[in-house]
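*Asks:* the sequence isn't on hand, but the structure is:
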Ligand SMILES: Nc1ncnc2c1ncn2[C@@H]1O[C@H](COP(=O)(O)OP(=O)(O)OP(=O)(O)O)[C@@H](O)[C@H]1O
């Protein structure tokens, strides 16, 4: 992991480097269309927060977002970024202030990873050394090893790696504002979950103002400090915290978006670190003799032991039955499947628990074993949420 101080040093206040964005009465009429695509849109996007635009296809999310960085010129209205009139900023100022990441990363296919990340710094006239240092720092930040990936072309990367490059490129000039248009829309659900976790981790350090467009309400609940549910012509149906929207949808359209299973969705608001995950697995390392392990397992009343490596990262589940005939623990047992980290949402944990047959290994920030989570932990949380909800409904 790179030292990210360089990115946060400029913040000055509580790690928030983002600035407030205001849109006032913003309208976009495309030539030849009878009705505006965005009509009289007014919103304040607070500094340092992630605001998510969700809404049905064609409702105007992308048009609204692109007016902020003037990829689309508003027909009327006012937009300020950190108090400055966005319509008066020139191209260079806009690029310095606003990073942009899109679905399928939108990387230039004939540029290497390093060249893609260096595009905006290059336009801003940075020298080669400064660009190279910055590229390295950003690659570390988004979890790509520079020596391995710097000189690759986008087609030589997985979808998730391409999205990481896209995020690094958007962050290149350390802009206070980041616009993200379905940036994780094209990757598989597991990679998507990882990218979401990483964005939250980055944001905890960076404190940017992020406007994020998605179709996926679960993604909105997981990532948003606030969610704007948009209807036709970008009309704001509700603009509030995920908790408030889940608990009290403002109208039928929002309720439709929240959908069935609102209490299940609340699992995306809770993380494994928020619940009790007991350290109940009996761990062993490959150097222990099968006989010693068998004795310890008998004493602890365990059928399975968890084999961990030198850094205590979970490797395999060893059944007590396999021990009497074994001469060493090497190669015994079956590989540990899906694990969850303390950062994972309870919804992701639930998927891993189901895939693993009732319980899953919890790992800490360095991938080390820290405990186990099982299905009853999750059902207890659901029961508790339901009780709280019913108590709230009785009170009102
Ligand atoms: N260049 C354009 N010219 C004319 N109409 C356009 C143009 N771009 C978008 N529109 C229309 O404006 C409306 C809003 O489009 P926009 O792409 O902003 O919606 P969206 O909510 O982002 O949709 P999606 O979720 O499908 O990406 C749609 O009716 C669309 O057809």
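*Replies:* Cool, the structure landed. What you are looking at is a predicted structure, and each value in this text was computed from that prediction instead of being measured.

*Asks:* run a quick neighbour tally on the residue nearest to residue 346 when sequence neighbours are not counted.
*Replies:* Using C-beta to C-beta, 6 or more residues apart in numbering and skipping the chain neighbours, the partner closest in space to residue 346 is residue 267 (4.0 Å). C-beta coordinates here come from the backbone N, C-alpha and C atoms, glycine included. Neighbour count for residue 267, taken as other C-beta atoms under 10 Å: 22.

*Asks:* now do the contacts for residue 267.
*Replies:* Contact partners of residue 267, counting by C-beta atoms under 8 Å, 6 or more residues apart in numbering, are 345-347, 350, 378, 381-382.

*Asks:* in this protein, which helix or strand is least confident?
*Replies:* helix 5-8 (a mean of 37; mean pLDDT, DSSP states H and E).

*Asks:* so the spatially most central residue of the chain is in which element?
*Replies:* Note on the chain: the residue nearest the mean C-alpha position is residue 196, at 1.6 Å, using C-alpha atoms, centre = their mean. Using DSSP states H and E, residue 196 sits in helix 189-206.

*Asks:* report all helices and strands that that helix contacts.
*Replies:* helix 5-8, helix 159-171, helix 217-223 (3 or more C-beta pairs under 8 Å, 6 or more residues apart in numbering; DSSP states H and E).

*Asks:* quick one: that helix to helix 159-171, angle?
*Replies:* Going by axes from the mean of the first three to the mean of the last three C-alpha atoms, to 10 degrees, helix 189-206 is angled at 20 degrees with respect to helix 159-171.

*Asks:* need the contact list for the closest residue to the ligand within the stretch 201-350 of the chain.
*Replies:* Closest contact between the stretch 201-350 of the chain and the ligand, by C-beta to the nearest ligand atom, is at residue 215 (5.9 Å). Residues near residue 215 by C-beta under 8 Å, 6+ apart: 54, 57, 182, 185.

*Asks:* do that again at 10 Å, thanks
*Replies:* 54-57, 61, 182, 185, 257 (C-beta atoms under 10 Å, 6 or more residues apart in numbering).

*Asks:* what of residue 96?
*Replies:* Taking C-beta under 10 Å, 6+ apart as the definition, contacts of residue 96 comprise 89, 120, 123-124, 173-176.

*Asks:* just the element for it, please.
*Replies:* In this structure, residue 96 is located in helix 91-97 according to DSSP H and E.

*Asks:* in that helix, which residues are buried?
*Replies:* Using 16 or more other C-beta atoms under 10 Å as the test for burial, helix 91-97 gives 94-97.

*Asks:* dump those into a markdown table; add pLDDT as well.
*Replies:* Output for these, formatted as a markdown table (pLDDT from 0 to 100):
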| residue | pLDDT |
| --- | --- |
| 94 | 85 |
| 95 | 82 |
| 96 | 84 |
| 97 | 91 |
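
*Asks:* retrieve the pLDDT associated with the nearest residue to residue 109 once chain neighbours are set aside.
*Replies:* Nearest residue to residue 109, sequence neighbours excluded (C-beta to C-beta, 6+ apart): residue 154, at 5.5 Å. In this model, residue 154 is scored at 92, pLDDT.

*Asks:* how far away is residue 154 from the ligand?
*Replies:* The spacing between residue 154 and the ligand, counted by C-beta to the nearest ligand atom, to the nearest Å, is 22 Å.

*Asks:* residues contacting that residue?
*Replies:* 104-113, 116, 161-162, 165-166.

*Asks:* check contacts around residue 73.
*Replies:* 28, 66-67, 87.

*Asks:* out of those, list just those in helices.
*Replies:* If you go by DSSP state H, these have 66-67 in helices.

*Asks:* counting neighbours, what do you get for residue 329?
*Replies:* Neighbourhood size, residue 329 [other C-beta under 10 Å]: 23.

*Asks:* with adjacent residues omitted, what lies nearest to it?
*Replies:* residue 286 (5.1 Å).

*Asks:* how is that neighbour assigned, secondary-structure-wise?
*Replies:* Classification of residue 286 by DSSP: H, G, I helix; E, B strand; the rest coil places it in coil.

*Asks:* could you double-check that it lies in contact with residue 309?
*Replies:* Yes: using C-beta atoms under 10 Å, residue 286 is in contact with residue 309, at 7.9 Å.

*Asks:* anything in contact with each of the two?
*Replies:* Joint contacts of residue 286 and residue 309 (C-beta under 10 Å, 6+ apart) are 315-316.

*Asks:* stretch 97-117 near the ligand anywhere?
*Replies:* No: if you take C-beta under 6 Å from any ligand atom as the test, stretch 97-117 misses the ligand, and the best it gets is 9.1 Å.

*Asks:* end-to-end on that stretch?
*Replies:* For stretch 97-117, the separation between the terminal residues is 16 Å (C-alpha to C-alpha, to the nearest Å).

*Asks:* for it, buried residues please.
*Replies:* Within stretch 97-117, the residues that count as buried by 16+ other C-beta under 10 Å are 97-103, 105-107, 112-117.

*Asks:* so of these, which ones are in strands?
*Replies:* Judged by DSSP state E, these include 98-102 as members of strands.

*Asks:* hang on, the earlier thing: okay, the residue of the stretch 201-350 of the chain closest to the ligand: pLDDT?
*Replies:* pLDDT, residue 215: 85.

*Asks:* below-threshold pLDDT in the stretch 1-150 of the chain: ranges please.
*Replies:* 1-15, 105 (pLDDT under 70).

*Asks:* around the ligand, pick out the residues from it.
*Replies:* Selection of the stretch 1-150 of the chain residues close to the ligand by C-beta under 6 Å from any ligand atom yields 30, 33, 37, 55, 57-63.
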